[in-house]
Every structure is written in C-alpha cells, then in structure tokens.
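[1] sequence first, predicted model second:
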Amino acid sequence: MVMNAVRCALFAAVALVLTTPVGAVGEDGADASVAAPAQEASDPAAATREAQALVREGRFAEALDLLRPLVQGPEVDADVVFLIGMAATALSQVPGVPASAREALLEEAIAAFRFMLINRPGLVRVRLELARAFFLKGEYDLARAHFEHVLASNPPAAVVANVRRFLAQMRTQRRWTLRGGFSLAPDTNIGATSEERIIYIGGLPFERDAEELSTSGIGLSAWLSGEYQYPWGERRRLRAGADVSRRDYGGSRFDQTFVSVHGGPRWLVGAGAEVSVLASVQRRWTAGDQLYDAPGAVLEAGRRVSRRVTTHARASVHDRRYRTQTYLDGPVADIMLGGSWVVSATVRANGALGWGQERTDRERWRHDRNWLRLGVSVALPRGFTVGGSAELRWTDYEGNWFPHTTGGEPREDRTRSLRLSVHNRAFAWKGFSPRLSVVHEVRDTNAQLYDYRRTGGELSFVRVF
C-alpha cells in the first residue's frame, strides 16, 4: 500500500512533464499544433496496441496523443510508460522540430525511463534508452555513466558496438562541462582540533585554554566548476576551466574559500585513452584572509581498459607561497592512480592510491603521505541508492617535534575515515535528489595536540539521472 502511494504520487509529478504541451510535430516536420486533441481512451489495452503500431509507422506525435491520457490514473502500465519514452525520443529527432520542443520531448522521455528505473534499476533496455536520451540532450556525463552500466550487463554484440560508438562520439564532441552544488554541513569538530586538555612539556603538565578545544557547528558548503574544450585538430583539444568552492560557518575562523584555474592541451590517444598537460594556479583564503598562492602544473591521463573497467591518473606539482606563514613555503607534489569497476547494471565500485609530498622551508613541517580509498554504490529497488567509502592515510614528518613528541622524534599520523550516503531517486526535482551523507574521521598520532575525532554530516543535492 505504501509503495503504491509513493508510485502514484511520483507519477503524478512525472505526468506534469508528460502532459506539458510541446508543440506536436508531424512526420514531415510541420507544426501540427492545430490537430484535434486526443480523446480519452475507453480501452487502454487497445489504445496501447494502436500506439505501438503508430510508433512502428513513425507517427510518433499521434502515438503520444494516445498514450499520455493513460498515465493519469492510479494504475500505470509499464508498457505505456516505455512507449511514451520511445515515442518522445524519436519525435525529438524529427527534422524541423523547434529547439524548445526538442528539449521538452527529451525531458519527457527521460522522466518516463527514470520512472521505470526507480523500482527496477536492473532493467538494462530501459537504462540503454535513458542513456541515449541523455546523449541526445547533450548530458554527456550522465549518458556515459548509464552506458557503462549497460556494458556491464553483457548485452548482445550489436548493442556493445552501438554503445561504444556513443562513447567515442561523446569523447570527441564534448565541449562544455559544468558542475555545481551546495549542502548543509554539520560538524562536531570543525577545525579538526585535539580534545587533549593537558599537554606535557619536560614532564610538566600545562592546561590548554578552552577556546583551543574543538568547536562544533553547522556550515554551508557550495562548489562550482566549469570547463570548455576547443577543438584543435582531429585528436587535440585546448582545455580551459576553473573551480571555486566555499565553506562558511557564519564568519568563523574556520571559513574556507578555494579558487583554481587551469588550461592546456588534451590529446586523444587511440580508441580509449587520453592525456592532458595543464598549467594551474591556486589560491586559498581562510577566515577571510588570503592564505597562499600556488602556481604549478598538472598531468592527467585516462584509459578505458575494458567494458567494465576504466582507469585514471593524475600528477601535480605546485609551489605554495604563504602570505604570513612563510615557513610553510615550498613545493607540493601529488600522484594519484585510480579506477572504476562497473560490477553490474546496479553496482559500481571505485578505488584509488595516492602519494604526496610537501618540502616546506621549515624542516619539521616537511612530510610524505600515502593514502588508499575504496568505495561502492548500489542502486536498490524502491528508489534507494546507497554508497560507502573508506580511506586510510599515512603521514610521516621530518625534523624535531619537541615538545609534542617524546624526545623530539618525528611526528607520525595515521588517519582513517568512513563515509556513508543514501538518497532516493523517487524524490527529485529537475533531476536533482537530496542526498544525506555521514562522515566519521579519526587521526591517531604520536604528537600531542594533533590527534582528533570528528563526525560530520552533509545534506546535498545530487543529479540522480
């Protein structure tokens, strides 16, 4: 009963899209908006069979006129929804369709296929058609993700060939990329501060001030990134982009702002590999004051290893120059190797290994770090998608760390974190769904005042389809 109520409420919202006038277009592309409105079908099964025949004959507008009234009642037939998606997609590609009508038809198709996948995420044919609709709409990131899940389902060879053709086209045709979002971010320990109240110096205890202990709060986090790729030959592109992120805790000393810009060439290597060499400039502010500038360079590479596996790598070096904390000046290097494994039509796993190094002017702050991250996400029935990831990080410092370590030996940190997230694909607005995440992080160290525990949350909005 509960699930039926949810399905009915959801499809009532979807029906707003499905019944929005889009300017019906005939087979020859001429405007057919003066045609008589469709009549309520007295026999849904007969209307469905007639609509199937109309779709086979290429009379997509007439098929939609028959099908749209059938989704207004409490019972929704899956065949009707699928036919609406197929007819809307096909009609959007008829020559002469105005751009606005084409966009609305593709949104109609996406809404129909998305509705079907909410309760049955393993429907490979529906996911294939959803991916194709996203491709035609120019939503390449979403299209690629769904095409990859189709490939993981061992489809027939002809389908594999078509999907690879779509993936190759997206790889060469991509121009603009724009991503963004915002979230509420409660945190039990905003500054990742130790709760140790007593520090020992030379065997003598000293009590810390209360304001030095951890602070909790609720922040607002927002981020935006964009990039344009200009064609420069058959297998070359020029990339230019920027990233901006902001975390605000109501004017506190923990506010953070980060901006970076990048640009450089991208080469398409073979059928499934690419390499980019980018110049990069970064700037970070904390508590409203500029913290550092960091010019540098980035090398990126990616390769599709198989139908299920893709790999990527990133290496960067930046020369950080601090405005006041000049003892932290110096080069920062990072290397990351990662991969994604699409296990099935509903399961995706990912992992990454990383190494980094900071060679600061002051010896005690110089360090090497290594990290490992593993994650998985699963699309479940009833619209739920759950995900989890775990990360381990090892950081080893140089120099004398007295009085924080006994005898002044170098500092050693071991940090572990766990993230769990859930969202429901049935609750969405314009393709965005609220996602709830919880993150727990612990750092153990041999240095006094540098251990901490923190638990944070995040209520963000994600693009689900």
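    Structure's in. What do you need? Numbering: from 1, shown residues only.
[2] give the partner strands of the helix or strand hosting Gly356 in its sheet and their orientations.
    Assigned by DSSP states H and E, Gly356 belongs to strand 347-358. Partners of strand 347-358 in the sheet, by DSSP bridges, are strand 330-342 (antiparallel), strand 367-379 (antiparallel).
[3] can you add mean neighbour count, mean pLDDT and distance to Gly296 and give those back as CSV?
    Heads up, the C-betas are built off the backbone N, CA and C, glycines and all. Converted to CSV, the strands paired with strand 347-358 look like this (neighbours: other CB atoms under 10 Å; pLDDT from 0 to 100; distance: least, CB to CB, whole Å):
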stretch, mean neighbour count, mean pLDDT, distance to Gly296
strand 330-342, 17, 97, 8
strand 367-379, 16, 97, 17
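[4] out of these, nearest to Asp187?
    Closest to Asp187 of the strands paired with strand 347-358 is strand 367-379 (CB to CB; 20.2 Å).
[5] show residues contacting that closest one.
    117, 121, 346-358, 385-398, 411, 419, 425 (CB atoms under 8 Å, 6 or more residues apart in numbering).
[6] got the CA positions of that strand in CSV?
    The C-alpha trace of strand 367-379 is given here as CSV (Å, rounded to 0.1, in the frame of the first residue of the first chain):
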residue,chain,number,x,y,z
HIS,A,367,56.4,15.3,5.1
ASP,A,368,55.4,12.4,2.8
ARG,A,369,51.9,11.0,2.8
ASN,A,370,50.3,7.9,1.3
TRP,A,371,46.6,7.0,1.1
LEU,A,372,44.2,4.4,-0.1
ARG,A,373,40.5,4.8,-0.8
LEU,A,374,37.8,2.2,-1.7
GLY,A,375,34.1,2.8,-2.4
VAL,A,376,31.0,1.3,-3.7
SER,A,377,27.5,2.5,-4.7
VAL,A,378,24.4,0.3,-5.2
ALA,A,379,21.1,1.2,-6.8
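[7] mind starting the numbering at 30 from now?
    All right, first residue 30 from here; so that's strand 396-408.
[8] which helices and strands does the next helix or strand after that strand pack with?
    The helix or strand immediately downstream of strand 396-408 is strand 413-426, counting by DSSP H and E. When contacts are defined as 3 or more CB pairs under 8 Å, 6 or more residues apart in numbering; DSSP states H and E, strand 413-426 packs onto strand 396-408, strand 441-453.
[9] can you pull the contacts of the residue lying closest to Gly417 once chain neighbours are set aside?
    Nearest residue to Gly417, sequence neighbours excluded (CB to CB, 6 or more residues apart in numbering): Leu449, at 5.0 Å. By CB under 8 Å, 6+ apart, the contact list for Leu449 reads Val415, Gly416, Gly417, Ser466, Val467.
[10] try 10 Å
    Val415, Gly416, Gly417, Ser418, Ala419, Leu465, Ser466, Val467, Val468, His469 (CB atoms under 10 Å, 6 or more residues apart in numbering).
[11] turn the residues you listed into CSV, columns for pLDDT, distance to Gly331 and neighbour count.
    Output for these, formatted as CSV (pLDDT from 0 to 100; distance: CB to CB, whole Å; neighbours: other CB atoms under 10 Å):
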residue, pLDDT, distance to Gly331, neighbour count
Val415, 96, 27, 13
Gly416, 97, 22, 18
Gly417, 98, 24, 15
Ser418, 98, 20, 20
Ala419, 98, 24, 14
Leu465, 94, 30, 14
Ser466, 95, 26, 20
Val467, 96, 30, 14
Val468, 96, 27, 18
His469, 97, 31, 14
